[in-house]
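Undergrad: quick one: sequence plus predicted model below, questions after.
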Amino acid sequence: MAADVKADAGLILERAPGARAVRQMVEAAGDIPLGVSVKDADAEKANELAGSGCDFLVFGIEAAAAILRKEDAGRFLMIERSLDQGLVRAVNSLDIDGVFISGAGGGSLLAVENLLVYRRFVELLEKPVMITLPSLVTSAELAILWQLGIDGVVAAPPQSVESLAKLKKMIGDLPGGARGRRAKVSAMLPRQSAAVDTDEDEEEEEV
């Protein structure tokens, strides 16, 4: 899927994938960076996945602290929308590459409540911020998220190749001007889930 849409990165969303399966997906992905989402990996699982050849790990706050020391793979933290504001600020002290906000909460993705939550995270965090989309968005909705400062979006599977390619094009069509402290947007698309990271000409962390 990632290769079909010429993605810049892929994300495996399967629950607790084995190292063998990950290695096979890494091989199939070729030159496309591939990550694995694991919510509460223990030290053994973290070692197994880090040695599987994947390029980055997405994990929750329940994961073993040892995962923060896996320098052979990128590290992205998944946090809940309800996480205490003080703990959200403390995330900035962690040696990670970015943050995923879990779920869109109740109602529409672009309900005022959700927009306020996203903006709060953007203001509190010094790391790139990603969110999960319950479905693909329109170009107008994507522009709103970009203006809020969101750095990446994750489209839950299943999605057609055509839909993912359309999302990538919409990201490429976003304006390249300044938007506060943010200067870039990227997208995570299912490989079963796969990820697409579209570059702008600004400096920012990449998945």
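TA: Sure, I can see it.
Undergrad: just the element for Asp26, please.
TA: No Asp there; residue 26 is Val. Using DSSP states H and E, Val26 sits within helix 19-29.
Undergrad: oh, that last question was meant for Val154, not what I typed.
TA: Applying DSSP H and E, one finds Val154 within strand 152-155.
Undergrad: sheet partners, orientation included, of that strand?
TA: strand 129-133 (parallel), strand 186-188 (parallel) (DSSP bridges).
Undergrad: which stretch in the ones you listed has the least confidence?
TA: Lowest mean pLDDT within the strands paired with strand 152-155: strand 186-188, a mean of 47.
Undergrad: and the residue nearest the centre of this protein?
TA: Taking Cα atoms, centre = their mean, the centroid of the chain lies closest to Met130, which sits 4.9 Å from it.
Undergrad: quick check: angle from the top strand by length along the chain to strand 129-133?
TA: Secondary structure of the chain per DSSP state E: the longest strand is strand 74-80. Orientation of strand 74-80 against strand 129-133 (axes from the mean of the first three to the mean of the last three Cα atoms, to 10 degrees) gives an angle of 60 degrees.
Undergrad: can you list the buried residues in whichever helix or strand comes after strand 74-80?
TA: Going down the chain from strand 74-80, the next helix or strand is helix 85-90, by DSSP H and E. Neighbour-count burial for helix 85-90 flags Val88 (criterion: 16 or more other Cβ atoms under 10 Å). (Glycine included, C-beta is placed from N, CA and C.)
Undergrad: next: stretch 115-129.
TA: In stretch 115-129, counting by 16+ other Cβ under 10 Å, buried: 115, 117-119, 121-122, 124-125, 127-129.
Undergrad: just stretch 132-151 next, same as before
TA: Buried, per 16+ other Cβ under 10 Å, within stretch 132-151: 132-133, 136-137, 141-143, 145-151.
Undergrad: low-confidence ranges, the protein, go.
TA: For the chain, the stretches flagged by pLDDT under 70 are 1-8, 14-16, 103-108, 134-135, 156, 158-159, 176-207.
Undergrad: can you give me the strands for it?
TA: Under DSSP E, the chain gives strands at 10-12, 34-37, 56-60, 74-80, 98-102, 129-133, 152-155, 186-188.
Undergrad: how about the ones you listed in TSV, adding distance to Asn92?
TA: Shown next, in TSV, are those (distance: least, Cβ to Cβ, whole Å):
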stretch	distance to Asn92
strand 10-12	23
strand 34-37	21
strand 56-60	17
strand 74-80	11
strand 98-102	9
strand 129-133	12
strand 152-155	18
strand 186-188	20
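Undergrad: among those, which is nearest Lys168?
TA: Across those, Lys168 has its closest neighbour in strand 186-188 (6.6 Å, Cβ to Cβ).
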